[in-house]
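Enquirer: give me a model of this one.
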Amino acid sequence: MSLPEAQRTSIQAELVRLGARFFIKHGIPSGAGIQARRRRMHAYERWVPRPPAGVETAATRLGGVPASLVTALIYRHITWRFAMAAEACLASIDYRLAPEHPFPAALDDAAAAWRALLAGGADPRRCAIMGDSAGGGLALALALKLRDRGEPLPAAIVALSPWTDLAITGQSCRRNAAFDPVLKSDDLKMLAAQYLGRADPRDPYVSPLYGDPRGLPPTLFQVGSDEILRDDSERMAQRMREAGRDVTVEIWPRMPHVWHGFAPVLPEARRAILRIGEFVRRWTATESSALFAAK
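Expert: Below you'll find the model as predicted:
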């Protein structure tokens with residue numbers, strides 16, 4: 001569904017789209033290697049604002065996986081926003097990355113961290129798993145793996161602009177190629193190959209779109225209307241609906257890929273985060289609830 005209150009985008013949003021197109025989409029040449037991409041993204045870190053006073057962040061390890069625990073007394077500048085909106089503690093995991101560590105390394109790390117969180121006393125009925133972009137697909141793949149192994153599932157899933165189809169069959173990959181201000185369709189095949197290694201792109205643990213969604217918890221999808229990955233949200237949501245699952249899909253007009261990261265300047269980002277908090281609180285007990293985030 002689209003959001004009536006977001007039909008007219010803000011001036012800030014139009015400026016963010018323009019800046020993202022220049023600095024992100026066209027700032028990294030097509031076909032650039034992963035190290036060049038990482039250097040470019042790290043260069044943006046100096047612009048990331050610090051969290052407000054009262055936010056507690058602690059480095060830790062969950063199942064051997066580096067993680068940050070953000071407490072709501074209370075990506076750095078948005079994790080605390082998610083924690084505050086959901087009135088929860090948040091564990092953000094630093095799972096291994098491709099191409100150095102292709103599939104299933106990231107999924108194995110996410111599963112290990114989830115198990116460690118529960119072993120530490122977290123109640124899965126009061127937890128939500130969330131992720132954005134590739135991490136959004138990973139959050140859904142983790143839920144499929146936990147379900148298949150008969151392990152405890154979270155109470156809810158939040159997927160922000162998720163990549164759910166590494167076979168790249170969505171029409172929006174072509175239809176929105178010129179309009180997406182952040183992602184390039186031409187890069188998807190290369191990025192998928194780096195993550196896949198020798199895996200089948202239609203393996204459900206790689207691309208949850210091809211999995212059986214029966215038994216998955218209530219899920220919120222948020223995606224921008226012009227994103228090349230828009231179909232990855234809409235088709236995954238449709239499969240879940242057909243399986244009788246509780247699904248909420250929000251199509252935000254003209255929002256760039258994972259626009260939540262622009263929360264310091266973008267009112268639509270702050271509204272989207274508030275809606276995430278409302279969704280998480282709806283499906284989890286607000287007392288002692290937790291968020292498990294895969295970036």
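Enquirer: secondary structure class for Val223?
Expert: With DSSP: H, G, I helix; E, B strand; the rest coil as the basis, Val223 sits in strand.
Enquirer: state whether it and Arg254 are indeed in contact, as I suppose.
Expert: No - with contact defined as CB atoms under 8 Å, Val223 does not count as touching Arg254 (11.8 Å). All C-beta atoms are positioned from the backbone trio N, CA, C, and that covers glycine.
Enquirer: looking at the two, which is more packed in?
Expert: Neighbour totals were compared for Val223 and Arg254, and Val223 leads with 27 against 20 (other CB atoms under 10 Å).
Enquirer: how far off centre is the longest helix along the chain?
Expert: Secondary structure assigned by DSSP state H gives helix 267-283 as the longest helix of the chain. Its chain's average C-alpha position is 14 Å from that of helix 267-283, according to CA atoms, centre = their mean, to the nearest Å.
Enquirer: for it, which helices and strands make contact with it?
Expert: helix 11-20, helix 79-86, strand 127-132, strand 156-160, strand 219-224, strand 247-252 (3 or more CB pairs under 8 Å, 6 or more residues apart in numbering; DSSP states H and E).
Enquirer: just so I know, which of the ones you listed lies nearest Ala113?
Expert: The closest of the helices and strands packed on helix 267-283 to Ala113 is strand 127-132. By CB to CB, the value is 10.4 Å.
Enquirer: the residue lying closest to Ala113 once chain neighbours are set aside - how many residues pack around it?
Expert: Excluding the flanking residues, the one nearest Ala113 by CB to CB, 6 or more residues apart in numbering is Leu62, at 3.8 Å. Here the number of neighbours of Leu62 (other CB under 10 Å) works out to 24.
Enquirer: give the contact list for Leu62.
Expert: Contacts of Leu62 were listed using CB atoms under 8 Å, 6 or more residues apart in numbering, and they are Ala91, Ile93, Ala112, Ala113, Trp114, Ala116, Leu117, Gly120.
Enquirer: can you rerun that using 7 Å?
Expert: Leu62 sits next to Ala91, Ile93, Ala113, Ala116, Leu117 when contact means CB atoms under 7 Å, 6 or more residues apart in numbering.
Enquirer: now for Tyr205: which residues touch it?
Expert: Contact partners of Tyr205, counting by CB under 7 Å, 6+ apart, are Pro104, Leu107, Ala141, Leu144, Lys145.
Enquirer: could you redo the residues you listed as a markdown table and give each row neighbour count, distance to Ala269 and secondary structure?
Expert: Below are those laid out as a markdown table (neighbours: other CB atoms under 10 Å; distance: CB to CB, whole Å; DSSP: H, G, I helix; E, B strand; the rest coil):
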| residue | neighbour count | distance to Ala269 | secondary structure |
| --- | --- | --- | --- |
| Pro104 | 17 | 32 | coil |
| Leu107 | 18 | 28 | helix |
| Ala141 | 27 | 25 | helix |
| Leu144 | 20 | 29 | helix |
| Lys145 | 20 | 30 | helix |
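Enquirer: need the residues you listed in CSV with distance to Ala177, can you?
Expert: Listed next are the contacts of Tyr205 as CSV, based on distance: CB to CB, whole Å:
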residue, distance to Ala177
Pro104, 30
Leu107, 29
Ala141, 25
Leu144, 29
Lys145, 32
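Enquirer: what is the nearest of those residues to Leu69?
Expert: For Leu69, the nearest member of the contacts of Tyr205 is Leu107. The distance, counting by CB to CB, is 21.5 Å.
Enquirer: ok, the closest one touching Leu142?
Expert: Yes - the criterion here is CB atoms under 7 Å, and Leu107 meets it with Leu142 at 6.5 Å.
Enquirer: list the buried residues of the helix or strand harbouring Ala139.
Expert: When elements are assigned from DSSP states H and E, Ala139 belongs to helix 134-148. By neighbour count, with 16 or more other CB atoms under 10 Å as the criterion, the buried positions of helix 134-148 are 134-147.
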